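1. Sequence first, predicted coordinates after that:
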Amino acid sequence: MTMPWNSVSLESILAMILTVLFAVAGVVNLARLGAVKRDFARWGYPAWFPLLCGTLELFSAALLPGQQTRALGLTLAGAIMIGALFTLLRNREPFRHLAPALIFSALIVITAAARS
């Protein structure tokens, strides 16, 4: 049974977008490709830290689709992004690195606002 578009909420659409973004980010961090390893090392984090970040990102992605778990998923996603933004700003990363984190953060805030 499919739902008509008018019954799909903005919150649900945004949550699905965030789910995909955090799932992709989680897989990228868990894969620890060269750029990921270099960035985390340059920022002073231990070698295992991308694994922790990737796991938390995937956990957040798993929580976001469910209406009952979405608030927890948004909270976890927000905490992840606070850490990411802190890292990027502390290390004076260029705007091209900061922009995706700002977009993720804005989507989290907008999705949380759409819940009310």
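-> Cool, got the structure.
2. helix, strand or coil for Arg92?
-> At Arg92 the chain is in coil, as set by DSSP: H, G, I helix; E, B strand; the rest coil.
3. swap in Ala101?
-> Strictly by three-state DSSP, Ala101 counts as helix.
4. Can you give me the neighbour number for it?
-> For Ala101, the neighbour count with other C-beta atoms under 10 Å is 21. (C-beta placed from N, C-alpha, C; glycine too.)
5. and the residue nearest to the spatial centre of the chain, what does it touch?
-> Nearest residue to the geometric centre of the chain (C-alpha atoms, centre = their mean): Phe22, 4.1 Å. Phe22 sits next to 57-58, 60-61, 64, 77, 80, 104 when contact means C-beta atoms under 8 Å, 6 or more residues apart in numbering.
6. can you list the weak-confidence ranges in this protein?
-> 1-7 (pLDDT under 70).
7. For it, just list every one of the helices.
-> With DSSP state H as the criterion, the chain has helices at 10-31, 34-42, 49-63, 70-90, 95-114.
8. Distance from the first one to the middle of the chain?
-> Helix 10-31 has its average C-alpha position 6 Å from the chain's average C-alpha position, going by C-alpha atoms, centre = their mean, to the nearest Å.
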